[in-house]
Structures are given as C-alpha cells and as structure tokens.
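In: sequence first, then the predicted structure, then my questions.
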Amino acid sequence: MKVAFVTPEFDPLVRRTPLAEVAAALPRAMAEAGCEVAVFLPWTSLVSSEKLEDFGPVGIVNAQDIDGRTSFRLHRGRIGKVTVYLFGHPQLFEGRNPYGGEDGPYADNWRRYTVFARAVLESFVTISFEPEVIHCFDWATGILPLVQQLEFTEKRPDHPASKAGTYFQIHNIAMQGTFEREILPRLGFPYRVFQSVGGLEVAGKVNFLKAGTEFATIIGTHSPGHAERLQQQDRGYGLADAFRRRSKELVGISNGIDYCAWDPETDPALPKNFSVKDKTLAGKAKCKTTLQGLLKLESGARTPLAAMLGRFAADSGTEILAEVLTTALERGVECVLMGTGRPDIHDRLKTIQTTFFGRCRVLEGYQAALAHQILGAADMLLLPAHYNPGNALCAIGMRYGAVPVVYASGGLEDYVVDCQKNARAGTGFHFSSYTGESLLDGVEAARKLYKSQENWKQITGRCMRQDFSWNATAQEYLKVYRRVTRRTKR
C-alpha cells in the first residue's frame, strides 16, 4: 500500500510539539509493515535538512496562490526506509516557523497551509507517486481533503491526487486553525463550503480542523475512548455535532512508542540500566539516588519522587499543581518539574522550590539526557493536563517504572487503569475533577500506597509490562487504511 503523510512537523527534522514524534514514528512503522511511504513537509526555518540521507533537489512544483500561480522548490531525502519531501517557498515558509513567532500564530497561516496542500497534491505527478491513502496530521493539513475534493476529484479526476482516499488524524483538538470567513474568496473556495452542517464554519469562522473532519474519508484520534468522548457536547471543543454526524467514519487508534529510543534496559543516559526482569528494581533505585544527589534532593528510598515534564501553562495542569504543590511537599513527596512556559507560573514554582529546598526542583527548558534520568528515577509521573493529545509521555513513563497520576477525563484514562478502582490490574491513579484539590487526592492515594513497597513494586511491574509498541499500532492503521481505500473506490 502506498501512503502519503502530510505534516507540519517531523522529528528529528523539526519539532514544535509532540506531534513531531508521532508524525515520524508512524511512517517508520508503516514502512516496516510493508507500506511504501513518503512524508511531505514544509521547509520552515527550523528544519534540519542535514539529517536527511541522499538529500537533493527534485524540481519545481507550481500551485495556485491567492494572486495566481506560485512555485515551490522541491527537495527529497531519506531517513531509513522513509522518503521525505521538503517544500521550500521564500515568502510562505523559508525563514519562518511552522505556526508562528513570539507574537503568536502567523496571521497568514490560512494562506500558507492551503497553498502547501495544493503543492503537495500537485507534486504527485512530479515525483511519480500515486498514493492510495493521504494521511493528514492536525489542523495545518485539515484543508487538504477539501482542496482535493474541489480542485482535483471534481475537476481533474485523472490526476493521481484524485484517486487517493484521505485519513485525517486529530492530534490536538484544542488547536483548530480558525480564521475570518473573508478568506474564502481569496482562496478561491465557494461560499457553499462554509455551511455549518457539513462545511467549514464554527462560530462564524473558517475552521481548518473542521475541514478535515467534514471532508476526509476517515477521521481518527489517539484512542477508542477519545473517539467516543469527542462526540459529547462538553468534550468536542465545538465540533461534537460534526463528530456525531460522522461517527461511522470516526476511529480511535492508540499511538505507539519507540522503545528503541526509550528503553531503560539499554538507555545510555541512565546511571544504571534496569528492566521488569529485575524483581527488586535495584537499577531504578540507583537511578533515584543518583538523581537525588545530582539535584541536591534529600536522599531516601522511602520518600516518593514525583516528576512532571512539559509546559508550564494552564492547559498542561501546572496551574492546578502549583495550587497544591506545597501541601504535597509537606506530606512527604519530593518533586522535580522540567519545562518551559508562562513566566508567572514558573516564578510561582521557583518560589515553592526556595521554600522547600531539598524537596523540590524546578528545571527550566528541556534537557534530553536529564529527561531520561528523571523518568528513570521517578516513582510517580504527574500528568494533570486538562487534555492530553497523545499517550507518548505516559507510556514512556510507564516503561521506566514511573506510575502515572492522570486526570480522569483528560484522554489518558484509556491507558491507565485506576488502582483505586481495580487494585489487581491498576497501573496508575485517576483524579476525578479538574481542580488542585482533586489532583492532591490522586497524589495522596499514590503516596499512601507507596508505603507498602511490595504493593508498589507490583504496580511498577504492571506499568513496565505494558506494550504500546508501534508494531501493534501499525496493524491497526493497515485495517483503517483498507477502509479508506474501499470507501474511495466505492
């Protein structure tokens, strides 16, 4: 099967959000499963093209812009079995980030990604590639299924782009790509596609995420449970009606994890490697004492070490954590937080660190090796975000024996069995309402159970035995891709 992956990010070439890891790992997994895959990526300022093998120019691709035709410089390279195409354009992408700068999203993102979608579809002739499925990632590519229908399927049925089905994967529903309706005539779209039922409109604006939701052959998200929740009025982020209407085309597939990059048994960043085969988890204990010494934390195996990695922002849950962190520390939990984000939240956390020096460390930025060491050392992994767009960090933490504490309606409840409701199969702890007090209840439940080291080792072992590999995920995607091709042919 031939699959074209269209994405604004692709690790290790360019990473702005966790989407980059999924957009890179899935094509690799599908290539291993026997698919012929190609990745289509805008050449933004953050792209590290030197990481591509056999890199060189392919040619010029012309696409319709707001004032006539425009040209993209097309380059091709390779990472393993995955072919990557970079689309360079001096005004739209070169010298600019994927989404925006320090002042926020670029005002012309609607133009940038619509023209990019057209260039991708046009390029199939240039590179002699006839995909059966076009897999689009998130709002930046949401307009592609509409462009395909209006400008290829209806007008150019013999073009390779017209013969493919589309799969639109929603990674982060909170980011939707909304713009004023006045952009429609500038893009050359008829106003009929703006209709609220079956069209682009949400709250009077053009919504690129809704475009993908309405016009893709099949829509997907990161878990079966999340696919169900998106259809609930209070969980659909304004698109619940569309998800309910297209429920037969809405699927949920759990993301996989690259266990070659994240494996405590072989991880070179850890002071001592360990695995689930080690019943005493002596290696993990060594990782903990080493990190405690490095960060000048009070050493002690009896003190549970909680970690949080991510952005210091309200939507990541850092705000509600800051409300109760002092109480958690007073009750005997050590805490390490690493991330970037809002200065006011960061300053608040630093103040708590000063008060509880030796029990709390706040690390600004992201240090890859240290992140591995933190996960290897942590007893608990705090994931309090109101909405988690993927399971990657949760699954990685579980493989490293860090027991997750998650919001019960945040998207991770499909992956984490609550120990408070199912002691025999529990792999973590849920907190029921999105408040600091409820989060503290979850941390406190974990802390109390930690006192029984035998019970805690059983939970840790269950976490480490979970299999979220991309191999299993790839087989699920193959099934869905066959649904896409069947619907397209019909």
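Out: Sure thing, it's come through. Keep in mind the model is a prediction, meaning the values are calculated, not measured.
In: quick one: Arg229 from Arg96, how far?
Out: 34 Å (C-beta to C-beta, to the nearest Å). In short, each C-beta sits where N, CA and C put it, glycine included.
In: please enumerate the helices of the stretch 251-400 of the chain.
Out: Shown for the stretch 251-400 of the chain, the helices assigned by DSSP state H, counting those that start in this stretch span residues 282-294, 318-330, 343-355, 368-377, 392-399.
In: show me where the stretch 101-250 of the chain has its strands.
Out: Using DSSP state E, counting those that start in this stretch, the strands of the stretch 101-250 of the chain run over residues 104-105, 133-137, 165-169, 178-179, 201-202, 205-207, 218-221, 250-252.
In: what pairs with the third one, and is each one parallel or antiparallel?
Out: Put plainly, it is strand 165-169. strand 133-137 (parallel), strand 218-221 (parallel) (DSSP bridges).
In: what does the first one give?
Out: When sheet partners are counted by DSSP bridges, strand 104-105 sits next to strand 100-101 (antiparallel).
In: contacts for the strand it pairs with next, please.
Out: Strand 100-101 is contacted from outside by Tyr106, Asn109, using C-beta atoms under 8 Å, 6 or more residues apart in numbering.
In: what mean pLDDT does that strand have?
Out: In this model, strand 100-101 has a mean pLDDT of 90.
In: wouldn't Val39 be in contact with Arg28 here?
Out: No. Applying C-beta atoms under 8 Å as the test, Val39 and Arg28 come out as separate, 9.8 Å apart.
In: mind listing the shared neighbours of these two?
Out: Joint contacts of Val39 and Arg28 (C-beta under 8 Å, 6+ apart) are Val82.
In: can you report how many residues lie near the nearest residue to Met338 once chain neighbours are set aside?
Out: Among residues not flanking Met338 along the chain, Leu363 sits closest, at 4.2 Å (C-beta to C-beta, 6 or more residues apart in numbering). Using other C-beta atoms under 10 Å, Leu363 has 17 other residues around it.
In: about what we covered before: ok, Arg229 and Arg96, which is more surrounded?
Out: Neighbour count, other C-beta under 10 Å: between Arg229 and Arg96, Arg229 has more, with 23 against 19.
In: separation between that one and Tyr167?
Out: For Arg229, the distance to Tyr167 - C-beta to C-beta - is 20 Å.
In: do Glu413 as well
Out: For Glu413, the distance to Tyr167 - C-beta to C-beta - is 25 Å.
In: higher neighbour count, these two?
Out: Tyr167 (26 against 19).
In: chain neighbours aside, what residue packs nearest to Glu476?
Out: Ile253 (4.8 Å).
In: nope, Gln367 is what I meant
Out: Among residues not flanking Gln367 along the chain, Met338 sits closest, at 7.3 Å (C-beta to C-beta, 6+ apart).
In: surely the one you found meets Tyr366?
Out: Yes. In this structure, Met338 is within contact of Tyr366 by C-beta under 8 Å, at 6.7 Å.
In: need the overlap of contacts for those two.
Out: Joint contacts of Met338 and Tyr366 (C-beta under 8 Å, 6+ apart) are Leu309.
In: quick revisit: just checking, the residue nearest to Met338 touches Thr340?
Out: No. At 9.9 Å, Leu363 does not count as touching Thr340 under the criterion of C-beta under 8 Å.
In: point out where the chain drops to low pLDDT.
Out: For the chain, applying pLDDT under 70 flags the ranges 389-390, 490.
In: ignoring the adjacent residues along the chain, who's closest to Thr145?
Out: No, residue 145 isn't Thr; it's Pro. Pro145 sits nearest to Phe215 (C-beta to C-beta, 6+ apart), 3.8 Å away.
In: right, and that neighbour touches Tyr167 too?
Out: No. When contacts are counted by C-beta under 8 Å, Phe215 is not listed as touching Tyr167 (11.8 Å).
In: in this structure Gln233 contacts Ala242, no?
Out: No. Look at Gln233 against Ala242 with C-beta under 8 Å: they stay out of range, at 11.9 Å.
In: so for those two, which residue has more residues nearby?
Out: Counted by other C-beta under 10 Å, Gln233 and Ala242 do not tie: Ala242 has more neighbours, with 24 against 9.
In: residues in contact with that one?
Out: Contacts of Ala242 by C-beta under 8 Å, 6+ apart are Lys210, Thr213, Glu214, Gly236.
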